[in-house]
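1. Quick check, what structure comes out for this input:
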Amino acid sequence: MAVTTVCALGSAFAQEPESSLARVQRTKVLRVGAVAGAIPYFAKDISNGKWEGFGPDFAESLAQKLGAKVEYVETTWGNAVLDLQSNKIDAMFGMAPTPARKEVVGFSDTLFDNTYTVVCKKGIPQKTWEQLNAPDMKIVVDVGSSHDQLATRVLPKADVSRLENSGAATMSLQAGRSDCQVLVILLAQPLLAKRASIGTMYIPQPVYTAPVSIGLRKEADTGMQKAVNAWLAEVRAKGEVRGVILKNMEKLAGVPASAFPPEIKF
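-> Down below sits the predicted model:
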């Protein structure tokens, strides 16, 4: 019986999942999710397969801190949560810590705050969020996004259209079916850099921001979360977060640092 008990205990301990940090330390590999075409977060050079963007820049910095190399696993924003849950990736840079996501995955401290803006067609005067919250205002968002969540919260009286993705929402604005599209500034600025004729961007008052973090596996061992937060505190203290974001905005999206209003902080 004693032998049986020991074997049972040994089997139970053997089934304990290896923590993210332990696996990274053992393999010297940090598996990071990457989304093709998600500029300035991620961009893949099809000629050499190299990943660029502030996601990869931050990933390489974190991996160096952990004494590991980065292995990129291509995913989508929609599948990244499942990839973390199923232990396909160790980290996902640029993920918003929504209440629903917090139920199933872990998160680092805030990497940076992304400011909400509206891109409005020509002729629509600047308005506060309160003024935009009117039945005659046609607002468009991509369904299920943080833009949708903000519109639901602060624009309940407006005529809000919820389309399948950000591109479809922009087409609605361009076609004149909508007055304004709600977008975070890191998406609004690249859009206007490529298609300035769509309209104008401004930041309604009061200023609302969306925290952007690093998605991690939800696990009892908090070692990975602590290690990531320690690295994050270092790079924030050095001012490197803002520098990495602005560098990639200019390089990949053609948006110079001077294009950002002074109230935008990263």
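2. Let me see the contact set for the residue most central in space within the chain.
-> Central residue of the chain (C-alpha atoms, centre = their mean): residue 94, 2.7 Å from the mean position. With contact set as C-beta atoms under 8 Å, 6 or more residues apart in numbering, residue 94 has these partners: 38, 41-42, 54-55, 111, 212. Just so you know, the C-beta spots here come from the backbone N, C-alpha and C atoms, and that holds for glycine as well.
3. which non-adjacent residue is nearest it?
-> With C-beta to C-beta, 6 or more residues apart in numbering as the criterion, residue 94 has its nearest non-adjacent residue at 4.5 Å, and that residue is residue 41.
4. try residue 87
-> Per C-beta to C-beta, 6+ apart, closest to residue 87 is residue 217, 6.5 Å.
5. Does that neighbour touch residue 85 like I think?
-> Yes: between residue 217 and residue 85 there is a contact under C-beta atoms under 8 Å: 7.4 Å.
6. The stretch 51-200 of the chain: helices as residue ranges?
-> For the stretch 51-200 of the chain, applying DSSP state H, counting those that start in this stretch gives helices covering 54-66, 77-85, 99-102, 129-132, 146-154, 166-174, 185-194.
7. of all these, which lies closest to residue 257?
-> helix 185-194 (10.7 Å; C-beta to C-beta).
8. could you give the angle of the closest one to helix 54-66?
-> 140 degrees (axes from the mean of the first three to the mean of the last three C-alpha atoms, to 10 degrees).
9. tell me what helix 185-194 is packed against?
-> strand 112-120, strand 200-202, helix 240-253 (3 or more C-beta pairs under 8 Å, 6 or more residues apart in numbering; DSSP states H and E).
10. what's that helix in contact with?
-> 39-41, 114-117, 119, 166, 170, 183, 198-201, 203, 245, 249, 253-255, 259-260, 264.
11. chain center to it: distance?
-> With C-alpha atoms, centre = their mean, to the nearest Å as the basis, helix 185-194 stands 15 Å off its chain's centre.
12. buried sites along that helix?
-> 185-192 (16 or more other C-beta atoms under 10 Å).
13. Tell me the secondary structure at the residue nearest to residue 94.
-> coil (DSSP: H, G, I helix; E, B strand; the rest coil).
14. residues contacting it?
-> The contact partners of residue 41, by C-beta under 8 Å, 6+ apart, come to 35, 53-55, 93-94, 186.
15. Ramachandran coordinates for it?
-> Dihedral pair for residue 41: phi -70, psi -50, per degrees, to the nearest 10.
16. what about it, distance to residue 22?
-> For residue 41, the distance to residue 22 equals 28 Å [C-beta to C-beta, to the nearest Å].
17. what's the answer for residue 235, then?
-> Taken as C-beta to C-beta, the span from residue 235 to residue 22 is 23 Å.
18. Neighbour count: those two, which is higher?
-> Neighbours per residue, other C-beta atoms under 10 Å: of residue 235 and residue 22, the larger number sits with residue 235, 17 against 13.
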